[in-house]
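K.L.:
only the shape, not the letters, is given here:
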């Protein structure tokens, strides 16, 4: 394997960082999802406390603010009994003129075991993974418009739980696919899982140009795009982008692409509706669908804890075996 | 039982949330205080570590900033071995347009066990308790001018420790009773404990109109109000309100109502002086009284840790029994 | 013993606070360094988890922002299994008009066991140590331009590990010695360890007037100052001071005092280069030296965790024995 994906795997193909879902094999994704499910109780809730990471130090390196994502990593780390240190990088040494490289070396010297990295620039977690010492794992918690691999894994976990093997499913992603790291990572994950039918639905301005290359079919009309799908993934409309004239108004978006009970009927009966959150009610989704029986949005959140526990446990385990 | 108080009790009368002291029975308050005392060592200090909430996740939902109160809840939760997640709600998804309802549902999906809620709007913790799933406890850490029940319980604990059963005591509350959630919750708690003589002392503009209804006697002159009381509860003067012409100047307030050694003599010998903190020296209280032998203000703080441990332990225990 | 140093010792000479390295005996510093080394594994890394402070509450009282130093104390406390509470004092009760004295008394009443104090005013940790109850330890994490004793101890630990007993070494400190609490505390620590040759190198405006009194020799030329030294300690150039015309420009400073491979040759072969961090590459130090074999800057960070664990463990142990 070549390219960025190779950086996250050992020569035996074990996961030592999680930077991207691009290039992950079906076997490895399946192992991740199975591990995540092992952290769920028989009631479908994450186990409350496991000693797997006792004595390990997880450092949150959030260059971009995200209370929600940080909270899920915090909870996952605490459930594995790790210590958690959060650096608000905007008020720390970075502002004193220290280079990112030196900040990293300092954290290493404090014996951090795992960096959770969120950055507004695509590629930052790769930069970091390239430079840390061999015994530190790096998890990408979202970098620019590039990737959000733990979100993609929790999406795959949710799909598999509710609809079975993605190799037998049709999946539609609706909204601003072009600027969405969630969409990009999910597409790579679905391809890794051999999903035969991946669709992107949205106006031309919001669909990326390389969909063909990604094995994704583009639809501008939602009735066409949803026809017969098993899984509908809604994306959050980034209101910041609307000022740039790339997006229609909220009302116009809802009129064209908002998920309503009527539109849900285009899909296969029993199709599930997903959303990475936080949802904009009345923009991407109607109240009826958000609170209806086909929405699995909150189950995604629950699975997100389990997936993050799995990624932390697996990468740190790989790093330990590498060192010892 | 009807009204808001009913929301916090099971049909058997056990505490599943703590939202208000209004309507709490003497039996239940006594159980809470006894539980709190069981968390104090023989030296009168809270026990340092109990495994009661191990694996439980306590979420601080502070919509209103309060370092002091949040810190006491943090310490109480840590002493019970819980994991604590603090959401600074002002910088989180709430600002991304997500509804409070959706934020709550997300936290539930992350398997929170207890919400500690502080909000500038009266009623917010009730709104939340009404909407959470059955296995989550909600503790009101102060809502608007409405209620601050853990403060009232620590006040009752302090009164009982120093002066015995409130059913045999006279208690005077001095200052801005009208706008004080501390006063309101304490009055309800004292009534629940069958305190026969509750007094409010302050200028007419700072005493609420419904004192009769609350079973409280109003006094405008502090010498009259303090005559023969066993317990003096001073309230913090909210400087914000002074601009609104509701309050006299700080100096004028101290001249009329400030607790001095001379005024203390109006009360019964050995009367205790309480204050929820932070104190304004020279406004509500003189240095001599604040640092004198009758002040139990710091013991209130100590008891506050034990009371919060008791409330967390009892509500989560109730929720667990409800689910299982 | 008299003066401020006496405050931190019991009558038997045991450490109950760490406020300054001034007046610490060689025996006590050696005990501290030995304890710190006992927290390092055979691989030179701090042990990951010790139960020494289980049930203890460490309160970070940072009146001055310092993400880096706070993080090292956090990690050290967590590794000893303590609970950690961080007060951002700038947004807490202090801003509500409460006196520092009352804030402290409240934290005591919450059963804090150890205060880690950082303050922009020299002497603040002494003020606090003077006023806390006997069972609370105070650690100075940096006060104004006065002292930074844990930094000095980690410097001494690093020197001893790499070069042996300071009693046999020549040590040069380079840069803004005048305004540096790091330099001041290190000089006192080196004197306590009977270091026979301590030098300060810098322009006249940046060297204090009392060097003679401190037993330190002043050098304005770096080639003279470095001649034959075993240890080179670089100080961070505070850019804030440059506007005040006390400092030359960054470029000028580097030209006169920046540590380059050429200048390193003035010192003894195998001399080590230290820096408290964060480093300014191209100002105090060249890239070649910073990343070269003689720099032990990152080992200082690692030792900093172990030293802070040792200081916390020793002071709390002393306090416990005092009370019991």
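P.N.:
Sure, I can see it. Here the structure is a predicted model, which means the values were calculated and not measured.

K.L.:
just the helices in the stretch 151-300 of chain A please.
P.N.:
Using DSSP state H, counting those that start in this stretch, the helices of the stretch 151-300 of chain A run over residues A:181-192, A:222-226, A:239-242, A:250-257, A:261-264, A:287-290, A:297-323.

K.L.:
mind listing what's buried along the fourth one?
P.N.:
Buried positions in helix A:250-257, judged by neighbour count with 16 or more other C-beta atoms under 10 Å in any protein chain shown: A:250, A:253, A:254, A:257. The C-beta positions use only the backbone N, C-alpha and C, and glycine is treated the same way.

K.L.:
looking at pLDDT only, which of those residues scores worst?
P.N.:
Minimum pLDDT across the buried residues of helix A:250-257 is recorded for residue A:250, with 86.

K.L.:
please name the nearest non-neighbouring residue to that one.
P.N.:
residue A:283 (4.7 Å; C-beta to C-beta, 6 or more residues apart in numbering or on different chains).

K.L.:
close enough to count as contact, the one you found and residue A:238?
P.N.:
No. The pair residue A:283 / residue A:238 is not scored as a contact, 10.9 Å apart, by C-beta atoms under 8 Å.

K.L.:
who has more neighbours out of these two?
P.N.:
In this view residue A:283 and residue A:238 are compared by other C-beta atoms under 10 Å in any protein chain shown, and residue A:283 has more residues nearby, 20 against 17.

K.L.:
related to what we said a few turns ago, would JSON lines of the buried residues of helix A:250-257 with distance to residue C:105 be doable?
P.N.:
Formatted as JSON lines, the entries for the buried residues of helix A:250-257 read as follows, by distance: C-beta to C-beta, whole Å:
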{"residue": "A:250", "distance to residue C:105": "53"}
{"residue": "A:253", "distance to residue C:105": "56"}
{"residue": "A:254", "distance to residue C:105": "56"}
{"residue": "A:257", "distance to residue C:105": "59"}
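
K.L.:
what's the closest of those to chain B?
P.N.:
The closest of those to chain B turns out to be residue A:250 (C-beta to the nearest C-beta; 10.0 Å).

K.L.:
for the closest one, give me its contacts.
P.N.:
Listed by C-beta atoms under 8 Å, 6 or more residues apart in numbering or on different chains, the contact partners of residue A:250 are A:237, A:239, A:242, A:280, A:282, A:283.

K.L.:
and the gap between the last one and residue A:254?
P.N.:
With distances defined as C-beta to C-beta, to the nearest Å, the gap from residue A:283 to residue A:254 amounts to 5 Å.

K.L.:
ditto for the second one
P.N.:
Here the distance between residue A:239 and residue A:254 works out to 13 Å (C-beta to C-beta).

K.L.:
which residues in chain A form strands?
P.N.:
Along chain A, the segments classed as strands by DSSP state E run A:57-62, A:83-88, A:114-119, A:137-143, A:170-174, A:197-201, A:216-219, A:231-234, A:272-274.

K.L.:
wait, residue A:73 sits on residue A:60?
P.N.:
Yes. Because the distance of 6.5 Å satisfies C-beta under 8 Å, residue A:73 is recorded as touching residue A:60.

K.L.:
any common contacting residues for those two?
P.N.:
Overlap of the contact sets of residue A:73 and residue A:60 (by C-beta under 8 Å, 6+ apart) consists of residue A:116.

K.L.:
of those two, who's got more company?
P.N.:
Applying other C-beta under 10 Å to residue A:73 and residue A:60 shows that residue A:73 carries more neighbours, namely 27 against 22.

K.L.:
just name the most buried of the helices of the stretch 151-300 of chain A.
P.N.:
Comparing the helices of the stretch 151-300 of chain A by mean neighbour count (mean count of other C-beta atoms under 10 Å in any protein chain shown), helix A:181-192 ranks first with a mean of 25.
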